[in-house]
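A.B. asks: here is the input, now give the coordinates:
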Amino acid sequence: MSDVLIQAENLGKKFCRRLRRSLWYGALDIGSDLIGSNGSKTHLRKEEFWALNKVSFNLRRGECLGLIGRNGSGKTTLLKIINNLMKLDYGRLQVRGRVGALIALGAGFNPLLTGRENVYVNGAVLGLTKKDVDNGMEEILDFAGIGEFIDAPVQSYSSGMAVRLGFAIATRFSPNVILLDEVLAVGDFGFQSKCLARINELKRSGVASILVSHNMAHITQYADRCLWLEKGFVHDVGETKEMSRAYLQFSQEQESIKENNKQDGWKYAFGPVVEEHPQISQLHVSLTDLDGQPTKKLSSIDPFIIQYSFETTNPRPVNLTFRFYKKDGTLLATINNELDEFQVQAKGKLVEGRVRIENFSVLPGDYVLVAVVQDGPEYLHRRPMVRFQVTSRNQESDLFRHGIVHVPHQWI
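C.D. replies: Take a look at the predicted model:
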């Protein structure tokens, strides 16, 4: 018996952006198939694009392949082709054994039928007898944990309930290959733990799996190899940790480019913006290390400096605040000179100074520093000044850290 359960060679699938033209192309392709011609399938016609192009890989017994890539890169399309839900335009795909799949939320369910009836329908599609399904029904109900709702129409299910039942069906009937597309993105912690335990159990029994997830901790923990898709092409393939690091770096770079392109909109995500006031000008804020070198990458355990300067015509002491935010807009900390009983006042027209931060005890991620200058209750200036990253010394472990705050600790 061959250990290779999925063998994919130069897979290609294209779609058309316009429905009417897509229907016309479909009719042409059916005619081409009837006369044995496939010339139109290997090149793009007007308004077509490649969802997959020249994709090749093998999946062996007991192996978990992590499928990574940004939204729209072709991951779900590839799973649908493997599960025989879509037809290839070109290439060769060989799948050995029974495939269990949970590709899209509610896929394979008739919303008008009850959960129990859908179990029987899915079993029949897999070639199982009613007796086979009856033998596995109790285990499915126990794993899904949806109780009396098993006899309610699926259209009344929440997204979590539909995923629970779908996962239970996909993994119960002895699959040789299981396809999981973002199955862990829905459901509570208890259900996720059950899913991960079941994936491990299937893997130990020799079941091959393809796992799609944007949670790199799950990919790193369960995948033996990773296939990285980008715009329908294979960007890279290799060992999981190496691919995860490369993909995270790539994603951060792309996100940075995107944010730079929409910088004007970005600055409004952290509260009101005041940029022009006759009393203040030339505001500069930067982060530096202790040697005075500018930086936008900090460690959560090392000290750093906030350096600031601006010109003002206001002879009175001003109220200077620095507010730290997560990239999603969550306020983490506030530093204010008046609360710290420290006076900030111009010498001549220039205000300048430094604030030493002993450590910024947060988990690795992207953060924003907002500067606020006030004269009493009046805003003279308020806007995001610095975007920066916090990293740890062991960046591989960053994939498994969750929460907001880094708690300094030592195992003894």
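A.B. asks: next, the buried residues of stretch 274-289.
C.D. replies: V274, H277, I280, L283, V285, S286, L287 (16 or more other CB atoms under 10 Å). (Glycine included, C-beta is placed from N, CA and C.)
A.B. asks: what's it in contact with?
C.D. replies: Contact with stretch 274-289 is made by 294-296, 298, 302, 304-314, 322, 369, 371, 373, 375, 379-383, 385-386, 388, as judged by CB atoms under 8 Å, 6 or more residues apart in numbering.
A.B. asks: quick check: Q307 vs F322, distance?
C.D. replies: As judged by CB to CB, to the nearest Å, Q307 and F322 stand 11 Å apart.
A.B. asks: try L283
C.D. replies: Distance, L283 to F322, by CB to CB: 12 Å.
A.B. asks: quickly list what's touching both of those two.
C.D. replies: In contact with both L283 and F322: A371, using CB under 8 Å, 6+ apart.
A.B. asks: can you give me the helices in the stretch 201-350 of the chain?
C.D. replies: For the stretch 201-350 of the chain, helices defined by DSSP state H, counting those that start in this stretch occupy the ranges 216-222, 240-261, 263-266.
A.B. asks: mean pLDDT lowest where, among those?
C.D. replies: Ranked by mean pLDDT, the helices of the stretch 201-350 of the chain bottom out at helix 263-266, with a mean of 59.
A.B. asks: what's the weakest-modelled helix or strand in the chain?
C.D. replies: Within the chain, no helix or strand scores below helix 263-266, which has a mean of 59 by mean pLDDT, DSSP states H and E.
A.B. asks: outline the domain layout of the protein.
C.D. replies: Per the record, the chain has its domains at 4-258, 277-400, by automatic domain parsing.
A.B. asks: buried deepest among those, which one?
C.D. replies: Neighbour counts (mean count of other CB atoms under 10 Å) averaged over each of these peak at domain 4-258, with a mean of 17.
A.B. asks: figure out how far that domain is from the centre of its chain.
C.D. replies: On the basis of CA atoms, centre = their mean, to the nearest Å, domain 4-258 sits 16 Å off its chain's mean C-alpha point.
A.B. asks: how close does G31 sit to G160?
C.D. replies: Between G31 and G160 the computed distance is 45 Å (CB to CB).
A.B. asks: should've said Y247
C.D. replies: Separation of Y247 from G160 (CB to CB): 28 Å.
A.B. asks: what does T114 give?
C.D. replies: T114 sits 17 Å away from G160, going by CB to CB.
A.B. asks: now do the strands in the stretch 51-200 of the chain.
C.D. replies: 64-68, 90-95, 99-102, 177-181 (DSSP state E, counting those that start in this stretch).
A.B. asks: for L19, find the nearest of the ones you listed.
C.D. replies: strand 90-95 (22.8 Å; CB to CB).
A.B. asks: the closest one pairs with which strands, and in what direction?
C.D. replies: According to DSSP bridges, strand 90-95 forms sheet pairs with strand 4-16 (antiparallel).
A.B. asks: just the angle for the partner strand relative to strand 177-181, thanks.
C.D. replies: With axes from the mean of the first three to the mean of the last three CA atoms, to 10 degrees applied, the angle from strand 4-16 to strand 177-181 works out at 40 degrees.
A.B. asks: sketch out the low-pLDDT regions of the stretch 201-350 of the chain for me.
C.D. replies: Scanning the stretch 201-350 of the chain for pLDDT under 70 picks out 255-266.
A.B. asks: in it, which spans are strands?
C.D. replies: 208-212, 225-230, 233-239, 280-288, 297-299, 304-312, 319-326, 331-336, 350-357.
A.B. asks: nearest to I169, out of those?
C.D. replies: strand 208-212 (15.4 Å).
A.B. asks: returning to what we had before: adding distance to T171 as columns, could you present the buried residues of stretch 274-289 in JSON lines?
C.D. replies: JSON lines is the format used below for those (distance: CB to CB, whole Å):
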{"residue": "V274", "distance to T171": "56"}
{"residue": "H277", "distance to T171": "62"}
{"residue": "I280", "distance to T171": "62"}
{"residue": "L283", "distance to T171": "58"}
{"residue": "V285", "distance to T171": "53"}
{"residue": "S286", "distance to T171": "53"}
{"residue": "L287", "distance to T171": "48"}
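A.B. asks: fine by me, thanks again.
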